[in-house]
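**Q** Below is the sequence, then the predicted model.
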Amino acid sequence: MTWTIVFANRPDFDAFVKKLPKDQRRLVAAGLFVRLATLGPDVCKTSSGKALGGNLYELRIKKDPSALIRVFFALHRNRVVVILGGYNKKADPSERRQAQEIRDARDAFDDWRARNTSEKR
């Protein structure tokens, strides 16, 4: 059974992906629409995923030596994966940047949830 992929802020995510070289865009698409749509949170049982706590997860795309792409996602009921954001960690590997990206992803999920459900975190 597959998971449905939705985007919390598609324009921001599209802008991030469009800045990537074509081969890296293909890796992101495969990561999202093959691995993540198939495995959902079980991607964290592989080297391609990491649970960050509080229903936040990280999809790691690292097959290309010039990229360490991180895509943040959360889970919603009925097998929905909400894509929250992403960045190339290779371009800025600092802990400060990673922490900011995680905060932004949590905020994006809160905003998405406020618009799409009556749930509270």
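**A** Received the coordinates, thanks.

**Q** which residues in the chain form strands?
**A** 4-7, 49-53, 56-61, 69-76, 80-88 (DSSP state E).

**Q** For the nearest residue to G49 once chain neighbours are set aside, give its distance to N88.
**A** In space, G49 comes closest to V43 once its chain neighbours are excluded; the distance is 3.6 Å by C-beta to C-beta, 6 or more residues apart in numbering. Quick note: C-beta positions are derived from backbone N, CA and C, even for glycine. V43 sits 19 Å away from N88, going by C-beta to C-beta, to the nearest Å.

**Q** show me where pLDDT drops low in this protein?
**A** Low-confidence segments of the chain, defined by pLDDT under 70: 64, 118-121.

**Q** Name the residues of stretch 8-27 that are buried.
**A** 8, 13, 16-17, 20, 24, 27 (16 or more other C-beta atoms under 10 Å).

**Q** Check stretch 48-67 too.
**A** 48-49, 52, 55-61, 64, 67.

**Q** what's the answer for stretch 38-47, then?
**A** Quick answer for stretch 38-47 (16+ other C-beta under 10 Å): 39-41, 43-44.

**Q** From those, which land in helices?
**A** Mapping these onto helices (DSSP state H) picks out L39.

**Q** a markdown table for the buried residues of stretch 38-47, including distance to G31?
**A** Listed next are the buried residues of stretch 38-47 as a markdown table, based on distance: C-beta to C-beta, whole Å:
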| residue | distance to G31 |
| --- | --- |
| L39 | 10 |
| G40 | 13 |
| P41 | 14 |
| V43 | 9 |
| C44 | 13 |
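
**Q** now, which of the buried residues of stretch 38-47 sits nearest N116?
**A** G40 (18.2 Å; C-beta to C-beta).

**Q** Report the separation between the nearest residue to that closest one once chain neighbours are set aside and G49.
**A** Leaving aside its sequence neighbours, G40 sits nearest to W3 (C-beta to C-beta, 6+ apart; 4.2 Å). W3 sits 13 Å away from G49, going by C-beta to C-beta.

**Q** overlap in contacts of these two?
**A** L39 (C-beta atoms under 8 Å, 6 or more residues apart in numbering).

**Q** quick one on the thing from earlier: specify which member of the buried residues of stretch 38-47 is nearest to A99.
**A** Among those, and counting by C-beta to C-beta, the member closest to A99 is C44, at 19.6 Å.
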